[in-house]
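Asks: coordinates only, sequence not included:
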């Protein structure tokens, strides 16, 4: 297994650790969970850089990297819904976008095509991770709603961009 794939696997392993720490709820557990989340987020950035620079792009990485990102982000968002920090409708928007993009990728793959991650999707992932990190700290209502707004707007924008850029897929469907 190459370095990029190892970093992705580390992120996959960190996700249940993140959730266990959050749900055990010992004194300071939010900050330990935050540290795990930050580490997992950093592995996302680093594994992408390593894969491209060292020519370690693999089918495993193409599949597992975005899946690990989605699970990490959704795990944090769902926990924030449970704590009342994020409204459920924001998570529904994120899940709907992820399902739509994943569905488009499956349709393209059946035709032997690959839909690469676009810049807006990368911005969405990075800004969502940063906003979730901010929400681990005691922040005021205004900053909390700004973070929720950034997550929702970047999610909707990148989802629309994927749909528009790949609209030809829909005309091929029978």
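Replies: Thanks, I have the structure now. In this text, all values refer to a predicted model and were calculated from it rather than measured experimentally.
Asks: so who does residue 11 touch?
Replies: Residue 11 sits next to 40, 43-44, 47, 68-69, 72 when contact means Cβ atoms under 8 Å, 6 or more residues apart in numbering. In this view, the C-beta of every residue, glycine as well, is placed from N, C-alpha and C.
Asks: hmm, which two among those are most spread apart?
Replies: Comparing all pairs in the contacts of residue 11 by Cβ to Cβ, the longest separation belongs to 47 and 72, at 12.5 Å.
Asks: In helices, which of the contacts of residue 11 appear?
Replies: 40, 43-44, 47, 68-69, 72 (DSSP state H).
Asks: Buried only: go through the residues you listed for me.
Replies: 40, 43-44, 47, 68-69, 72 (16 or more other Cβ atoms under 10 Å).
Asks: low-scoring stretches of this structure, by residue?
Replies: Counting by pLDDT under 70, the ranges of the chain that qualify are 172-174.
Asks: All the strands of it, residue numbers only.
Replies: Along the chain, counting by DSSP state E, no stretch forms strands.
Asks: dump the residue contacts of residue 2.
Replies: Contacts were defined as Cβ under 8 Å, 6+ apart; by that measure residue 2 touches 51, 54, 56, 58.
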